[in-house]
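*Asks:* Please work out how this folds:
(one chain, ligands or ions: 2)
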Amino acid sequence: MKKGKKLYEGKAKIIYATTDKDLVIQYFKDDATAFNNQKKTTIEGKGVLNNRISEYILSNLSQIGIKNHLVKRLNMREQVIKLVEIIPIEFIVRNVATGSLTKRLGIEDGTILKEPLIEYCLKDDSLGDPLISEEHIYAFEWANKKEIEKVKKTILRINDFMIGMFRGIGIKLIDFKLEFGRLKTNGKNEVILADEISPDTCRLWDSVTDKKLDKDRFRKDLGDLIPAYTEVAKRLGILHEQSNVSAVNVTKLSSVKKKSK
Ligand code: TMP
Ligand code: ASP
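*Replies:* Numbers count the residues shown, from 1 in each chain. Ligands and ions are numbered 1, 2, ... in the order given. Prediction:
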């Protein structure tokens with residue numbers, strides 16, 4: 001399978017065509033953005049870590065029967081994925097109140113929610129990904145009722161699985177964002193999990209210290225983003241390098257792999 005032309009470039013990833021019309025390559029960039037692109041930088045090694053972490057989580061979800069777009073990781077920055085039509089909604093799942101929820105509704109930061117809370121945002125950068133209701137989704141036909149019912153059930157299973165997975169490695173899953181897409185099989189549309197699950201799209205706090213191990217390190221200028229993402233990867237058991245995996249080491253790994261292609 002050969003890499004073809006660029007089909008789409010987002011803020012953190014690029015999608016390339018392949019010689020197989022049903023498959024595309026997802027490339028993880030080092031670019032970090034926040035607050036709808038108002039804040040941007042490049043953090044060397046971030047894409048490599050997100051590629052690995054997302055591969056790990058999505059393949060574990062596959063193993064418990066949650067269908068998703070991942071086919072296989074190709075190298076340090078790329079994975080082969082099934083081509084889907086992305087539903088233009090960001091599904092936010094919250095276990096603990098923080099971030100935009102606390103600002104929007106005045107809920108105290110760190111409040112543990114009795115039930116996971118699902119929020120919907122329209123995936124439209126030019127509008128700043130506004131919060132929408134389920135009624136908006138049906139009114140403007142961004143997805144139908146059957147699709148949303150299935151997505152909601154799947155989200156709760158993903159949340160349960162991920163809470164347990166992270167709890168086992170001393171991390172609290174505070175909240176995260178998911179995207180789903182329509183996969184055409186035998187003329188029928190099936191909704192499956194897409195995009196990525198990584199410290200870019202989750203809030204992860206150390207269980208004991210509440211240290212932030214996610215993109216809030218960039219959003220809030222806390223620094224040390226690569227050591228935090230590396231810590232997550234190491235605790236998940238997917239990075240076997242000794243103690244200090246620095247940005248430089250991650251970049252070296254990435255360039256070694258590139259040369260050997
Ligand atoms: P929020 O508190 O800023 O609304 O974010 C909720 C969760 O969703 C948090 O884990 C970060 C994630 N998220 C994204 O992955 N992409 C986005 O564009 C936004 C706004 C949030
Ligand atoms: N990814 C979004 C942006 O770049 C927001 C975020 O993750 O905070 O604006």
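*Asks:* could you pull out the helices for the stretch 101-250 of the chain?
*Replies:* Shown for the stretch 101-250 of the chain, the helices assigned by DSSP state H, counting those that start in this stretch span residues 134-139, 145-167, 216-219, 225-235, 247-260.
*Asks:* For those helices, state which one has the densest average packing.
*Replies:* Of all the helices of the stretch 101-250 of the chain, helix 225-235 carries the top mean neighbour count, a mean of 22, counting by mean count of other Cβ atoms under 10 Å. Glycine gets a C-beta too; all of them are placed from N, C-alpha and C.
*Asks:* can you list contacts of that helix?
*Replies:* Under the contact criterion Cβ atoms under 8 Å, 6 or more residues apart in numbering, helix 225-235 has outside partners 32, 43-46, 49-50, 52-53, 169-171, 198-199, 204, 211-215, 217-218, 239, 245-247, 250.
*Asks:* want to throw the helices of the stretch 101-250 of the chain into TSV with distance to residue 5?
*Replies:* Compiled in TSV, the helices of the stretch 101-250 of the chain are given as follows (distance: least, Cβ to Cβ, whole Å):
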stretch	distance to residue 5
helix 134-139	32
helix 145-167	30
helix 216-219	30
helix 225-235	30
helix 247-260	20
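*Asks:* What residues does the chain have near ligand 1?
*Replies:* With Cβ under 6 Å from any ligand atom as the criterion, the chain meets ligand 1 at residues 90, 92, 99, 100, 101, 129, 175, 176, 177, 201, 202, 203.
*Asks:* Run a quick neighbour tally on the residue in the stretch 51-200 of the chain that ligand 1 sits nearest to.
*Replies:* As assessed by Cβ to the nearest ligand atom, ligand 1 sits closest to residue 99 within the stretch 51-200 of the chain, at 2.2 Å. Neighbours of residue 99 under the rule other Cβ atoms under 10 Å: 16.
*Asks:* That one against residue 177, yeah?
*Replies:* No: the criterion here is Cβ atoms under 8 Å, and residue 99 misses it with residue 177 at 10.5 Å.
*Asks:* JSON lines for the helices of the stretch 101-250 of the chain, including mean pLDDT?
*Replies:* Formatted as JSON lines, the helices of the stretch 101-250 of the chain follow (pLDDT from 0 to 100):
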{"stretch": "helix 134-139", "mean pLDDT": "98"}
{"stretch": "helix 145-167", "mean pLDDT": "98"}
{"stretch": "helix 216-219", "mean pLDDT": "98"}
{"stretch": "helix 225-235", "mean pLDDT": "98"}
{"stretch": "helix 247-260", "mean pLDDT": "45"}
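*Asks:* Can you check what pLDDT the model gives the residue of the stretch 51-200 of the chain closest to ligand 1?
*Replies:* Note for residue 99: predicted pLDDT of 98.
*Asks:* how about it, what does it touch?
*Replies:* Applying Cβ under 8 Å, 6+ apart, the residues near residue 99 are 175, 203, 216.
*Asks:* for these, which one is nearest residue 9?
*Replies:* Residue 9 lies nearest to residue 216 out of the contacts of residue 99, by Cβ to Cβ, at 24.6 Å.
*Asks:* related to what we said a few turns ago, is it possible to get a markdown table of the contacts of residue 99 that adds distance to residue 4?
*Replies:* Output for these, formatted as a markdown table (distance: Cβ to Cβ, whole Å):
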| residue | distance to residue 4 |
| --- | --- |
| 175 | 36 |
| 203 | 35 |
| 216 | 36 |
